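> please find the sequence and the predicted model below.
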Amino acid sequence: MAGSRDQSAPRRVLAFGRLVIEARRGDGYPPYDIERLPDGAGARLRLTIAVAGFDASELDIRIAGGELVIRGRHEDQGEADYLFRGIAARQFQRTFLLPPGADVASARLSRGLLAIELVEPDHVETVRKINISRSK
């Protein structure tokens with residue numbers, strides 16, 4: 001059934017063009033969406049993660065070993081005297097396996113949603129500064 005979530009699968013694999021993103025199994029927190037963006041400069045995906053209550057300084061996005069890792073960790077704000085606490089303040093880590101060469105084009109936090117745009121390996125623009133040494 002379209003849109004259903006199979007929690008028994010160890011991971012989810014989503015592909016279009018040559019861009020494949022594989023979500024590692026977790027506890028389902030925080031929830032996320034993966035959206036195909038209109039074709040323009042090649043295959044692009046937008047990964048949107050619900051991170052309500054997190055500030056940008058409490059989020060960390062890294063690509064290492066072919067994995068996109070998103071972590072959220074609340075800064076300690078001391079002990080509050082709660083009469084009722086219904087808002088979860090948990091830490092999280094979400095990991096996605098990327099194809100070789102895939103890269104993050106941008107990341108934006110707005111209204112509690114972290115939107116990360118991914119680009120297809122062939123369309124990653126690499127800018128490198130070349131240092132020029134002086135002869136003596």
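Arrived safely. Not measured: the values here are computed from a predicted model. Residues are numbered from 1 along each chain as shown.

> give me the number of residues near P100?
Residues near P100, counting by other Cβ atoms under 10 Å, number 6. Where you see a C-beta, it was placed from the backbone N, CA and C, and this is true even at glycine.

> G66 is in contact with that one, correct?
Yes. Using Cβ atoms under 8 Å, P100 is in contact with G66, at 6.4 Å.

> count residues in the vicinity of E58, would you?
The number of residues packed near E58 is 15, by other Cβ under 10 Å.

> distance of it from P100?
According to Cβ to Cβ, to the nearest Å, E58 stands 30 Å off from P100.

> and stretch 70-83, what's buried?
With burial defined by 16 or more other Cβ atoms under 10 Å, the residues of stretch 70-83 counted as buried are 70, 72.

> whatever helix or strand R94 lives in - contacts with which helices or strands?
Using DSSP states H and E, R94 sits in strand 92-97. When contacts are defined as 3 or more Cβ pairs under 8 Å, 6 or more residues apart in numbering; DSSP states H and E, strand 92-97 sits against strand 19-24, strand 67-72.

> comparing these by mean pLDDT, which bottoms out?
For the helices and strands packed on strand 92-97, mean pLDDT drops lowest on strand 19-24, to a mean of 60.
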